[in-house]
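A.B. asks: Structure of the sequence below:
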Amino acid sequence: RVSITWITRYIDSAKGLPINPNEFWPFPTPIPFKRDENYNRENNFFLNVLSLRCDVFPWWDFTIRASSVDDRELVEDQFTPGIDLVPGVPLEEMTIDVDSERYTFGTQHNFHLLDEMVTVIAGFEYEKENAIFKGIWGPPIYPFLPTRVAEDRTNRALYVQGRFDYAGFAFIGGVRYDDDSIFGNKTNPKLSGSYLYDKTHTRFRASWGTGFRAPTFQELFIPLFGNPRLDPEENTSFEFGVDQRIWEDRISLEATYFTSRYKDLIQPSPLGVSNIGRARIWGIEGGLSVKPIEGLELRGNLTYLNTKDKETTEELPRRPRYAWYLNANYRWNHRLTLNLDFNFVGSVRSDFDAITPHGRYLLGRNPKYKKVDLAASYVLLDEWKFLKGLTFVGRIENLLNDEYQEAKGFPAPGFNFLVGLQATL
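C.D. replies: As a prediction, this is how the structure comes out:
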């Protein structure tokens, strides 16, 4: 049996950015944010994904997947006296143009052996990326800032994973090898295991592994904020948890402890991106899911984080100490779906202070906030002529029109909504 899937997505957007932080501010914070009606951003994004799945035998299936992404982002700012300032440099305009392409190819083979007791997964991934970064300044101030950077890189990866299930036990072991044309090669192992005590429907689980993340092209080379001296990020993680199901699986409880230690953690800042030599994160996460009646599911999740920059002993910025998530989802007659989300995010340590366009000082931690979203969908047609389905979709974000800032100085949108039709061919 063979199946082929093709996904394509095209986005062409333009928006004004009336709140502009002064990126060139040379003094200690607070950074002044100003109203700037000449600050605009355009984005053109085109994605194509083609995948083929083939079930060769009951014990062997494989997938081949290829994708392409063409992404261009253009930021333009006609400088306004008193708003856009570079001390000692009479700038009149700025344009940042980022044009990137990414191509990927991969295949994964799954082998199911000994009556599904053993599963082996093996695969290969190839990624080619190239980008051109342009910074145009008026008048030109080169060599203070580069005007054009063109870079390309490739990454090849091999991975294999094995799973063994027996009498409630599950053991998983795997390894991944990456060869990056800029940052060299890295091998990362992962191990995990779990045990299900069937009498009480209780599962104990644990995992350990290492990870590797190369900086993105934007983090390395984007004008003003990129840092070509970034090192790749490495981490070692451990996790232990317990899952419990009761009331004929209509109630699910989860509790997890996790910890990660980082080397050269990649961390954004107001003036760019940098590495944190050593960092540690640990936390506790709890989850609850209840299905009181048919079609209705209520879910809740709480996460507590404890973070530390081991070089400065300070808390890591931009990571909330705690976050609540509540969700109610209702499905009726396989046609109507209603979804209500409630997010509550605790205060976070900010790596800079700011002054709003109204002159209000934002000092210290970024305050906590809440956000409520509502979504709905209704299947209009199951199948009609060349259509396999037609669905009406609608979503309201920030239903209560709360004022909040995920990042200090950048107000989030207020009440907003979208409606549309989703067709399946």
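A.B. asks: Ala354 contacts Gln405, correct?
C.D. replies: No - counting by Cβ atoms under 8 Å, Gln405 is not a contact partner of Ala354; they are 9.3 Å apart. In this view, the C-beta of every residue, glycine as well, is placed from N, C-alpha and C.
A.B. asks: Between those two, point out the one with more neighbours.
C.D. replies: Higher neighbour count among Ala354 and Gln405: Ala354, with 23 against 16, using other Cβ atoms under 10 Å.
A.B. asks: Residues that sit against both of Ala354 and Gln405, list them.
C.D. replies: Residues within reach of Ala354 and of Gln405 at once, by Cβ atoms under 8 Å, 6 or more residues apart in numbering, are Leu362.
A.B. asks: Show me what Val379 bridges to in the sheet.
C.D. replies: Note on Val379: beta-bridge partners Thr391, judged by DSSP bridges.
A.B. asks: Residue ranges in the stretch 251-400 of the chain under the pLDDT threshold?
C.D. replies: Along the stretch 251-400 of the chain, the parts satisfying pLDDT under 70 run over 270-271, 355-361.
A.B. asks: Test my guess that Asp12 contacts Asp71.
C.D. replies: No - between Asp12 and Asp71 there is no contact under Cβ under 8 Å: 11.6 Å.
A.B. asks: And these two? Which one has more around it.
C.D. replies: Neighbours per residue, other Cβ under 10 Å: of Asp12 and Asp71, the larger number sits with Asp71, 16 against 10.
A.B. asks: Name all residues that make contact with that one.
C.D. replies: Asn43, Asn44, Phe45, Phe46, Val98, Asp99, Ser100, Glu101, Arg102.
A.B. asks: burial count for the fourth one?
C.D. replies: Phe46 sits with 15 neighbouring residues when counted by other Cβ under 10 Å.
A.B. asks: mind checking which helix or strand it is in?
C.D. replies: Element membership for Phe46, per DSSP states H and E: strand 39-57.
A.B. asks: counting contacts, what elements does that strand pack onto?
C.D. replies: strand 2-16, strand 60-78 (3 or more Cβ pairs under 8 Å, 6 or more residues apart in numbering; DSSP states H and E).
A.B. asks: Relative to Glu151, which of the ones you listed is closest?
C.D. replies: Ranking the helices and strands packed on strand 39-57 by proximity to Glu151 (Cβ to Cβ) places strand 60-78 first, at 14.6 Å.
A.B. asks: Can you name the next helix or strand after the closest one?
C.D. replies: strand 93-113.
A.B. asks: Just the CA trace of the helix or strand just after that following strand, in CSV.
C.D. replies: Proceeding N to C from strand 93-113, the next assigned helix or strand is strand 118-138, under DSSP H and E. The C-alpha trace of strand 118-138 is given here as CSV (Å, rounded to 0.1, in the frame of the first residue of the first chain):
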residue,chain,number,x,y,z
VAL,A,118,10.7,-5.3,19.0
THR,A,119,10.6,-2.1,16.8
VAL,A,120,13.6,-0.7,15.0
ILE,A,121,13.6,2.7,13.4
ALA,A,122,16.5,3.9,11.1
GLY,A,123,16.7,7.0,9.0
PHE,A,124,18.7,9.6,7.2
GLU,A,125,18.2,13.4,6.9
TYR,A,126,19.8,15.9,4.6
GLU,A,127,19.3,19.7,4.8
LYS,A,128,20.7,22.5,2.6
GLU,A,129,20.3,26.1,3.6
ASN,A,130,21.4,29.3,2.0
ALA,A,131,20.6,32.9,2.8
ILE,A,132,21.5,36.5,1.9
PHE,A,133,21.4,39.2,4.5
LYS,A,134,21.4,42.8,3.4
GLY,A,135,21.6,45.9,5.6
ILE,A,136,21.1,49.1,3.7
TRP,A,137,21.8,52.3,5.6
GLY,A,138,21.3,55.9,4.5
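A.B. asks: Strand 118-138 pairs with which strands?
C.D. replies: strand 93-113 (antiparallel), strand 148-166 (antiparallel).
A.B. asks: rewinding a little: compare the helices and strands packed on strand 39-57 and give me the one nearest Ala206.
C.D. replies: Proximity to Ala206 (Cβ to Cβ) singles out strand 60-78 among the helices and strands packed on strand 39-57, at 28.9 Å.
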